[in-house]
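Peer 1: using only what follows, build the 3D model:
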Amino acid sequence: MYGIDIYNSKNWHITIGTNKEKKVSLDIYQISTHDPLEELLNEFREGQLSNNLTSKQKLSLLNMLRKNRPAFAIGEEPLGKIRGHDIELYLEVERPYPPILRRNPYPESLETRKEIEKHVNELLDMNVIRKMDTMR
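Peer 2: Numbering: from 1, shown residues only. From the prediction side, this is the model:
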């Protein structure tokens with residue numbers, strides 16, 4: 001038995017079977033009649049596409065951008081996320097070392113240390129760098 005409960009309700013409900021206590025909520029959505037290209041262009045409105053591209057090419061490009069969105073920098077994050085491509089960096093400086101590297105280590109001011117820590121934490125949060133237990 002199917003029925004619609006409209007008594008004392010703010011929403012539409014469907015009753016399935018004879019159990020009138022269990023109601024299933026009915027959500028009604030408006031069907032979009034927008035052009036898919038227009039919707040994608042609106043989503044990527046900050047970018048500019050060449051006028052030499054056909055509508056089909058633009059739609060294909062914008063779909064690819066949407067599919068790979070995490071790889072691109074958006075909003076506050078200056079870097080995109082690319083998975084599966086780890087790199088190892090080895091910095092080598094030949095002798096004679098430049099003067100900046102020949103200095104003895106010295107403590108930074110409290111203000112400078114806070115600023116350095118802030119930037120390091122920002123890079124950690126963006127997964128640009130990670131903490132290591134040992135140096136090689």
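Peer 1: which SS state does His119 fall under?
Peer 2: helix (DSSP: H, G, I helix; E, B strand; the rest coil).
Peer 1: now the helices for the chain?
Peer 2: In the chain, the helices defined using DSSP state H lie at 36-43, 55-67, 99-102, 110-125.
Peer 1: turn those helices into JSON lines, columns for mean neighbour count, mean pLDDT and distance to Met132.
Peer 2: Any C-beta I mention is one placed from the backbone N, CA and C, and that applies to glycine too. Conversion of those to JSON lines gives the following (neighbours: other CB atoms under 10 Å; pLDDT from 0 to 100; distance: least, CB to CB, whole Å):
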{"stretch": "helix 36-43", "mean neighbour count": "13", "mean pLDDT": "72", "distance to Met132": "38"}
{"stretch": "helix 55-67", "mean neighbour count": "13", "mean pLDDT": "85", "distance to Met132": "33"}
{"stretch": "helix 99-102", "mean neighbour count": "7", "mean pLDDT": "81", "distance to Met132": "21"}
{"stretch": "helix 110-125", "mean neighbour count": "11", "mean pLDDT": "90", "distance to Met132": "12"}
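Peer 1: redo those as a markdown table? Include distance to Tyr90.
Peer 2: Listed next are the helices of the chain as a markdown table, based on distance: least, CB to CB, whole Å:
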| stretch | distance to Tyr90 |
| --- | --- |
| helix 36-43 | 41 |
| helix 55-67 | 34 |
| helix 99-102 | 15 |
| helix 110-125 | 19 |
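Peer 1: what's the closest of these to Glu88?
Peer 2: Counting by CB to CB, Glu88 lies closest to helix 110-125 out of those; the figure is 16.9 Å.
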